[in-house]
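# Task: produce atomic coordinates for the following.
(2 chains)
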Number of protein chains: 2
Amino acid sequence: MTSSQAANALAYGNEQGNIALMDYLVKRINQEQHLNLSAENLMITAGSTNALDMIARLYTQAGDAVIVEAPSYVDSLHVLRDHGVKLYAVPMDDEGMLPDELEALLKDLASKQIKPRLLYTIPNFHNPTGITASEARRTAIVKLARQYDLMIVEDDVYRDLAFEANIPPSYFALAGGENVIQIGSVSKTIAPGLRVGWIVACAEIVQRCVDCGTTQMGGGASPLSAQIVVEFCRQGDWDTHLEHIRNLYQTRRDTMLAALDLYMPPDVTWTQPAGGFFVWLTLPENKYAAVVKRQASERGVLVASGEGFFVNPADGQHHLRLTYSFASLDDIETAVRVLAEVVSA
Amino acid sequence: MTSSQAANALAYGNEQGNIALMDYLVKRINQEQHLNLSAENLMITAGSTNALDMIARLYTQAGDAVIVEAPSYVDSLHVLRDHGVKLYAVPMDDEGMLPDELEALLKDLASKQIKPRLLYTIPNFHNPTGITASEARRTAIVKLARQYDLMIVEDDVYRDLAFEANIPPSYFALAGGENVIQIGSVSKTIAPGLRVGWIVACAEIVQRCVDCGTTQMGGGASPLSAQIVVEFCRQGDWDTHLEHIRNLYQTRRDTMLAALDLYMPPDVTWTQPAGGFFVWLTLPENKYAAVVKRQASERGVLVASGEGFFVNPADGQHHLRLTYSFASLDDIETAVRVLAEVVSA
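Residues are numbered from 1 along each chain as shown, chains lettered A, B, ... in the order given. Below you'll find the model as predicted:
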């Protein structure tokens, strides 16, 4: 960092974000997603949290309808609920959100004169299920969103953790950038304590976020951290690090899936994540996730019970989220064995 | 920073904030404000912006009434408006907000079944006026707030920039910590790019902010910056730096006030700030701030026209905010002379 970069990093930041980082990200995202973004299409945020909170603040009011996946990320539901919106959920299968269910919901809402403001979705290596939405699903959902003038919020914070080369085109790409806000972050791949994320959107939406009260008052997001991130990225360290952690997480996923195959009773099913951190377990109807979670915890194995991930918590009572990202291979194997014993008991 | 502190600073932060910084601030604030806070009364935020936005998000809904000073900080009004609240303004004089006017407003709102949610005030070296509320005013306002069950948001980001030794007791101290949220920040005295501020409040309010969606999703505020700040503070560098900048800003204020005395026509009046950054100028009724601002700008002198600082912009059309914090003594003298020429023209 030169002394003038350091001085800038300590001042109120450029409102749209660190310019060098914006420039780096625009080029990188254009290449990865086959887009044609310019500087006006990207804004740096203090992580994906700041992005989602700002979108909810500027594009919803208390009482508005917001559509999410069932299940969805518990903390995102929490951020949205803090804005007083009413959440409606669309079920998923192994290919992502079900367009027929989305269409039925949109028709039902329209019949009640309710216009939903946002559709919040995690397309790649979804939290909590690990599922990646197929291209066919994305295309169908973009079509519905266009038909119903529904803004898609594409929370894509896991996309850099793909274990295979190809992931389907983004919602932003499929929609030609229209009425989609894509959220990205370095929290999952560099460091969450830096509080650096971004949104990609049409110029009008980016400008509205730049012009909002918090940006005008506090300046651009995380100026010091953004300068650290851009230096790390431009030196190529991010790509080297990504290759390392993708391999690491892939091996951990493989170990978890193999252990699940080996130990779990036949009436338990689970997802096959192609990236990210999570496997989603479905228990038989006579087994309750909260009980399994408690019993596993007594034996030192931590899992998340499904209830919090659903707008209707009861929908999660036979589901568990398993996280393989932070455990050693031995620990993963042991933990799945213990969990299988608890489930089988 | 030890390697374990560095690792913590890069991880999701403790939700209430960096523990060492919280500990440092609690002790410092207890000493300065004669309080008896414990750890449960303070939370680190990403600057005062994050604090005010979070308070508005958790304690108001669109359509709610919020009371502010006339004038108030333009960007705070913007942050509040983004939450869809309805702003009501209480006039000030040189001792701060007028309690009689506040009482009249509260009575009027009560007669309409409107319960205001927050009273937002900047008690010390107010932005934009530079005024410090007197103790008598604060006491009267605390009494009214208690009577009407009104939460006071005390934005105290300039308090470390006092040119004289004593400032009146804080609203938080006068209210015994009840129904007051005090906001602090290092942005005005260390560096805004760090995005480090805090709130002081009763344990219940702090816990609500810790438990909210953005904190749960993003973790504690600015973990890396908070670790940098606490090391700076604990080494005594903040106090050394404060002494330096207080002297610097005091000299600049003195220069500005002397130049105003020397050059301004007799029908122009201004405030006498005892700290902070700002002097507030009142023009005669036949002179318009927007015109003066434009003409001064053409001669290289930048001032803020009053309109944006008022809920009712027309109330600001004869006011200008002058900032002495970033200019050399020579530039201040010249700028005031030019401004006086423009006003007199």
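
# dump the residue contacts of the nearest residue to A:A226 once chain neighbours are set aside.
Using CB to CB, 6 or more residues apart in numbering or on different chains and skipping residues adjacent in sequence, the residue nearest A:A226 is A:N18, 3.6 Å away. Where you see a C-beta, it was placed from the backbone N, CA and C, and this is true even at glycine. Each residue near A:N18 by CB atoms under 8 Å, 6 or more residues apart in numbering or on different chains is listed here: A:A9, A:I44, A:G220, A:P223, A:A226, A:Q227, A:V229, A:V230.

# number of nearby residues for the first one?
Number of residues near A:A9 (other CB atoms under 10 Å in any protein chain shown) recorded here: 20.

# cool, and the second one?
Taking other CB under 10 Å as the neighbour definition, A:I44 ends up with a count of 28.

# what do you get for the fifth one?
Other residues near A:A226 come to 29 when the count uses other CB under 10 Å.

# Could you pull up the mean pLDDT of stretch A:144-164?
Per-residue pLDDT over stretch A:144-164 has a mean of 97.

# quick one: buried residues of it?
The neighbour-count check on stretch A:144-164 (16 or more other CB atoms under 10 Å in any protein chain shown) flags A:144-145, A:148, A:150-163 as buried.

# And stretch A:173-192, by the same measure?
The neighbour-count check on stretch A:173-192 (16+ other CB under 10 Å) flags A:173-175, A:177, A:179-192 as buried.

# if I pick A:Q272, what's in contact with it?
The neighbours of A:Q272, taking CB under 8 Å, 6+ apart as the test, are A:D94, A:G130, A:L257.

# Now do the first one, the pLDDT please.
Each residue has a pLDDT score; the one for A:D94 is 96.

# any idea how far it is from A:G316?
According to CB to CB, to the nearest Å, A:D94 and A:G316 sit 17 Å apart.

# More neighbours: those two, which one.
Neighbours were counted for A:D94 and for A:G316 using other CB under 10 Å; A:G316 has more, 23 against 14.

# Surely that one touches A:F310?
Yes - if you go by CB atoms under 8 Å, A:G316 and A:F310 touch, sitting 4.4 Å apart.

# Give me the common contacts of the two.
Common neighbours of A:G316 and A:F310 (CB under 8 Å, 6+ apart) are A:P71.

# quick one: secondary structure of the spatially closest residue to A:R299 that is not a sequence neighbour?
Counting by CB to CB, 6+ apart, A:R299 lies nearest to A:V338, which is 5.1 Å off, once chain neighbours are set aside. Look at A:V338: counting by DSSP: H, G, I helix; E, B strand; the rest coil, its state is helix.

# Near A:V338, how many other residues are there?
For A:V338, using other CB under 10 Å, the count is 16.

# A:Y171 is in contact with A:T139, correct?
No - look at A:T139 against A:Y171 with CB under 8 Å: they stay out of range, at 9.7 Å.

# So which of these two has more stuff around it?
Between A:T139 and A:Y171, counted using other CB under 10 Å, A:Y171 has the larger neighbour count: 25 against 16.

# Please report how far the closest residue to that one other than its chain neighbours lies from chain B.
Once flanking residues are discounted, A:Y171 sits nearest to A:E154: 4.3 Å by CB to CB, 6+ apart. As defined by CB to the nearest CB, to the nearest Å, A:E154 lies at a distance of 17 Å from chain B.

# so which strand or helix has A:E154?
For A:E154, the element it lies in under DSSP states H and E is strand A:151-155.

# Name every strand pairing with that strand and say which way it goes.
Strand A:151-155 pairs in its sheet with strand A:118-121 (parallel), strand A:180-185 (parallel), by DSSP bridges.

# Tabulate the ones you listed (JSON lines), appending mean pLDDT.
Below are the strands paired with strand A:151-155 laid out as JSON lines (pLDDT from 0 to 100):
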{"stretch": "strand A:118-121", "mean pLDDT": "98"}
{"stretch": "strand A:180-185", "mean pLDDT": "98"}
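
# Let me know which of those is the nearest to B:R57.
B:R57 lies closest, by CB to CB, to one member of those: strand A:118-121, at 16.4 Å.

# how about the longest helix along chain A against chain B, any contact?
Ranked by number of residues, the top helix in chain A under DSSP state H is helix A:237-263. No - for a cut-off given as CB under 8 Å from any CB of the partner chain, helix A:237-263 has no contacts with chain B; the smallest distance is 12.7 Å.

# Would you tell me what the next helix or strand after that helix is?
With secondary structure assigned by DSSP H and E, helix A:237-263 is succeeded by strand A:269-270.

# Run through the neighbouring helices and strands of that following strand.
On a contact count with 3 or more CB pairs under 8 Å, 6 or more residues apart in numbering or on different chains; DSSP states H and E, strand A:269-270 meets strand A:278-282.

# Establish whether the strand it packs on and chain B are in contact.
No - Strand A:278-282 lies out of reach of chain B by CB under 8 Å from any CB, never closer than 15.8 Å.

# In chain A, where is pLDDT below threshold?
Along chain A, no part satisfies pLDDT under 70.

# Show me chain A divided up by domain.
Taking automatic domain parsing as the reference, chain A has its domains at A:3-235, A:239-344.

# Deepest-packed of those, please.
When the domains of chain A are scored by mean count of other CB atoms under 10 Å in any protein chain shown, the highest mean neighbour count falls to domain A:3-235 (a mean of 20).

# can you redo the strands paired with strand A:151-155 as CSV with distance to B:L329?
Listed next are the strands paired with strand A:151-155 as CSV, based on distance: least, CB to CB, whole Å:
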stretch, distance to B:L329
strand A:118-121, 53
strand A:180-185, 46
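
# Mind checking these for the one nearest to B:G13?
Short answer: strand A:180-185, nearest of the strands paired with strand A:151-155 by CB to CB, at 15.3 Å.

# if we can go back for a sec, from what I see, the residue nearest to A:Y171 and A:I183 are in contact.
Yes - the criterion here is CB under 8 Å, and A:E154 meets it with A:I183 at 6.8 Å.

# I'd like to know which residues of the stretch 201-345 of chain A are adjacent to chain B.
Within reach of chain B by CB under 8 Å from any CB, the stretch 201-345 of chain A has these residues: A:212-214, A:216-219, A:221-225, A:228.

# Could you rerun that using 10 Å?
Within the stretch 201-345 of chain A, the positions adjacent to chain B are A:211-228 by CB under 10 Å from any CB of the partner chain.
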